[in-house]
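Asker: Quick check, what structure comes out for this input:
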Amino acid sequence: MPGSSPSRGRQRRSSQGARSGGARSRGAGGQRSSGPAARSGQDGVGGATTDTGADPDLFGRPDSSGTDSFARAGSADPPADPESVARLICLRLLTAAPRTRAQLAEALRRRGVPQDAAETVLSRFTEVGLIDDATFAAAWVESRHYGRGLGRRALAAELGQRGVPREDIDAAVSQLSPEAEHATALALVEKRLAGTAGQPYPARVKRLVGMLARKGYSPGLAYGVVKEALDRERMDGASSGSAADDGFDSEFAEPDDYAGEDVGFSDAIDAG
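Answerer: Purely as a prediction, here's the structure:
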């Protein structure tokens, strides 16, 4: 009807204005909400974090630089008690695998734990038996000797690299009897005999002795075990190169003469 046109016009203008205002409101609101969220995702704090492949520190931040992660806690986190952080780090590492005191001390240092707090926690853990370098050393010798066939010198070097005190190393290695070390070395040589078949006798001796040297066996023990294994092989008639046996005493009369040759292990063991 003609009389209702102004009213309908006002209603249309009001509806258009409301829709326009709502669009502006949503646009402004969307801008405000998206800004912090985007910043949160970029900073990795309070939002979804990006997997960088690095181990996270106790504050939830990737620690790929190996720097002071304790100091990098930042103002966003409340101040953390250094000793509490040190206890958590040590317990987490000890739960995964046995560790020496030196290994734990190095882990705390890398994470920026103050030295006095680290020493307090490490001393307490040692008192209650959570850290026991002597037990660690004994278990290491048992596992690595019978599992990997390592000799005394290699075992002592590995323990030294892990910060075990010298007296604990000596005590652990001394539990490995000469008979056990001889039997393990002989078993290693017998496994390798077939791989040297057909080679000249001196070459077989040198190769097998070198293998034992790399596993940490002394030159005297290595030569004795290799000669014993080759003699057994000759007596059993399993070797076609037994006629070269007379060459052993003449060419390898002094086992210590071989110790100076580079077998890839002796120098590293002496340095350890």
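Asker: who touches stretch 89-102?
Answerer: 58, 103-104, 107-108, 111, 113, 121-122, 125-126, 130-131, 133, 136, 139, 162-164 (C-beta atoms under 8 Å, 6 or more residues apart in numbering). (Glycine included, C-beta is placed from N, CA and C.)
Asker: Would you mind listing which of those residues are buried?
Answerer: Neighbour-count burial (16 or more other C-beta atoms under 10 Å) applied to the contacts of stretch 89-102 gives 58, 103-104, 107-108, 111, 113, 121-122, 125, 131, 133, 136, 162-164.
Asker: Just the ones in helices from these, please.
Answerer: Judged by DSSP state H, the buried ones among the contacts of stretch 89-102 include 103-104, 107-108, 121-122, 125, 133, 136 as members of helices.
Asker: Can you name every helix or strand that the helix or strand where Val205 lies contacts?
Answerer: Assessed by DSSP states H and E, Val205 sits inside helix 201-214. Packing partners of helix 201-214 (3 or more C-beta pairs under 8 Å, 6 or more residues apart in numbering; DSSP states H and E): helix 178-196, helix 219-235, helix 247-251, helix 255-259.
Asker: Compute the inter-axis angle for the second one and helix 178-196.
Answerer: For helix 219-235 against helix 178-196, the angle by axes from the mean of the first three to the mean of the last three C-alpha atoms, to 10 degrees is 50 degrees.
Asker: Only the buried residues of helix 219-235, if you could.
Answerer: For helix 219-235, by 16+ other C-beta under 10 Å, it's 219, 221-227, 229-230, 233-234.
Asker: got JSON lines for these, with distance to Pro202 and pLDDT too?
Answerer: Listed next are these as JSON lines, based on distance: C-beta to C-beta, whole Å; pLDDT from 0 to 100:
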{"residue": "Pro219", "distance to Pro202": "16", "pLDDT": "93"}
{"residue": "Leu221", "distance to Pro202": "19", "pLDDT": "95"}
{"residue": "Ala222", "distance to Pro202": "15", "pLDDT": "95"}
{"residue": "Tyr223", "distance to Pro202": "12", "pLDDT": "95"}
{"residue": "Gly224", "distance to Pro202": "16", "pLDDT": "95"}
{"residue": "Val225", "distance to Pro202": "16", "pLDDT": "95"}
{"residue": "Val226", "distance to Pro202": "11", "pLDDT": "95"}
{"residue": "Lys227", "distance to Pro202": "12", "pLDDT": "94"}
{"residue": "Ala229", "distance to Pro202": "15", "pLDDT": "93"}
{"residue": "Leu230", "distance to Pro202": "11", "pLDDT": "92"}
{"residue": "Glu233", "distance to Pro202": "15", "pLDDT": "88"}
{"residue": "Arg234", "distance to Pro202": "15", "pLDDT": "86"}
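Asker: Would you format the residues you listed as a markdown table with distance to Val173 included?
Answerer: What follows is the buried residues of helix 219-235, written out as a markdown table (distance: C-beta to C-beta, whole Å):
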| residue | distance to Val173 |
| --- | --- |
| Pro219 | 18 |
| Leu221 | 14 |
| Ala222 | 17 |
| Tyr223 | 21 |
| Gly224 | 20 |
| Val225 | 18 |
| Val226 | 22 |
| Lys227 | 25 |
| Ala229 | 24 |
| Leu230 | 28 |
| Glu233 | 31 |
| Arg234 | 34 |
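Asker: quick check, nearest of the residues you listed to Val205?
Answerer: Val226 (5.6 Å; C-beta to C-beta).
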